[in-house]
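**Student:** when you get a sec, could you give me coordinates for this:
(chains A and B)
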Amino acid sequence: TQLLEQSPQFLSIQEGENLTVYCNSSSVFSSLQWYRQEPGEGPVLLVTVVTGGEVKKLKRLTFQFGDARKDSSLHITAAQPGDTGLYLCAGGKRDDKIIFGKGTRLHILP
Amino acid sequence: ETGVTQTPRHLVMGMTNKKSLKCEQHLGHNAMYWYKQSAKKPLELMFVYSLEERVENNSVPSRFSPECPNSSHLFLHLHTLQPEDSALYLCASSQELMQEISYEQYFGPGTRLTVT
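**Tutor:** Next up is the predicted model:
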C-alpha cells in the first residue's frame, strides 16, 4: 500500500518563526504537489514539483522534492497568521491514482 | 461565476433519505472527480470522470452513485447512507485526466454531510 506520511500532524508556532513540514514515502512519485486548505474551503494548489532535487519558492514558502523523488519538504520563513491552515501533500504516478497524505495542521499565533 | 462550485454546502440526512450533491465547474475542464475527506484520514478519491465517461471507481459502496451529464456538471446521488459516511465531500476538476508529469486539480469548497 502506498502511503504518504506527513509530519508533524499538528504545529502551533508564534508569528515570525520559521518552520518546516515533511512529506515522506517509500514509493517513488513522478510528481508531488502541496495544497493548503482553510476551514470551510477545498484544498488550493500551492506548487507542483516534478524533478528530483527541485526547489521552488513561492514568496516565503520554499518547497523541495527529494533527490530520489520519495519525499518533500515545505519550509515557511517568518510565518504569518495567514499561513494558518491544513497543508496536504499529494503524489502522482503514471497510470495510477493520486494519493494524499493526512496533512499537517498549522496554526500561527499572532 | 468562476472556479468550481458545490451545492449544498451543508447537508443533514437520515439513513433512509435520498439526496444528491451537485458540482459545477466553470473552467472548461474535461475531467472531474469526487473525493471524501474524513477526520484523521487522507483524502480518498472516489470517482473519476473524463469527458463524461467514468474512468475510475475506487471500490466505493453502491449507496453512492455518481452521474456526469456533461463536462461541466457532476452529481453524487446518495441513498441509505450510514453514519460513518458523514464527511466533507469535495469535487475537483482538471484540464485533462491526470497525466504523468503534472496535473492541477481545482477543488470546490465541499459539502459537509452529516448522516443521522
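
**Student:** closest residue of chain A to chain B?
**Tutor:** A:Gly42 (3.1 Å; CB to the nearest CB). All C-beta spots, glycine's among them, are computed from the backbone N, C-alpha and C.

**Student:** now do the same contact list for the closest residue to that residue other than its chain neighbours.
**Tutor:** Closest residue in space to A:Gly42, ignoring its immediate chain neighbours: B:Phe107 at 3.1 Å, by CB to CB, 6 or more residues apart in numbering or on different chains. Residues near B:Phe107 by CB atoms under 8 Å, 6 or more residues apart in numbering or on different chains: A:Tyr35, A:Gly42, A:Pro43, A:Val44, B:Val4, B:Tyr35, B:Leu90, B:Cys91, B:Ala92.

**Student:** which residues does the fourth one bridge with?
**Tutor:** By that I understand A:Val44. Here A:Val44 sits in beta bridges with A:Arg36, as judged by DSSP bridges.

**Student:** repeat that for A:Gly91.
**Tutor:** A:Leu32, A:Ile99.

**Student:** contacting residues for it?
**Tutor:** Counting by CB under 8 Å, 6+ apart, A:Gly91 touches A:Gln2, A:Leu4, A:Ser25, A:Ser27, A:Phe29, A:Ser31, A:Leu32, A:Gln33, A:Ile98, A:Ile99.

**Student:** and the second one, what does it touch?
**Tutor:** A:Leu4 makes contact with A:Cys23, A:Asn24, A:Ser25, A:Cys89, A:Ala90, A:Gly91, A:Ile99, A:Phe100, A:Gly101, B:Pro42 under the criterion CB under 8 Å, 6+ apart.

**Student:** isn't B:Gln82 right up against B:Val115?
**Tutor:** Yes - counting by CB atoms under 8 Å, B:Val115 is a contact partner of B:Gln82 at 6.4 Å.

**Student:** and A:Val55, how many neighbours?
**Tutor:** 12 (other CB atoms under 10 Å in any protein chain shown).

**Student:** quick one: which of the contacts of A:Gly91 has the most company?
**Tutor:** Going by other CB under 10 Å, A:Phe29 tops the contacts of A:Gly91 with 28 neighbours.

**Student:** alpha carbons of stretch B:105-116, in CSV - could you do that?
**Tutor:** Provided in CSV are the C-alpha atoms of stretch B:105-116 (Å, rounded to 0.1, in the frame of the first residue of the first chain):
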residue,chain,number,x,y,z
GLN,B,105,-6.8,19.9,-9.8
TYR,B,106,-9.1,22.7,-8.8
PHE,B,107,-11.3,21.9,-5.8
GLY,B,108,-14.7,23.2,-4.8
PRO,B,109,-15.5,24.2,-1.3
GLY,B,110,-17.1,20.9,-0.4
THR,B,111,-20.4,19.7,1.0
ARG,B,112,-20.3,18.9,4.7
LEU,B,113,-22.5,15.8,5.0
THR,B,114,-23.9,14.5,8.3
VAL,B,115,-25.8,11.3,8.4
THR,B,116,-28.0,10.8,11.4
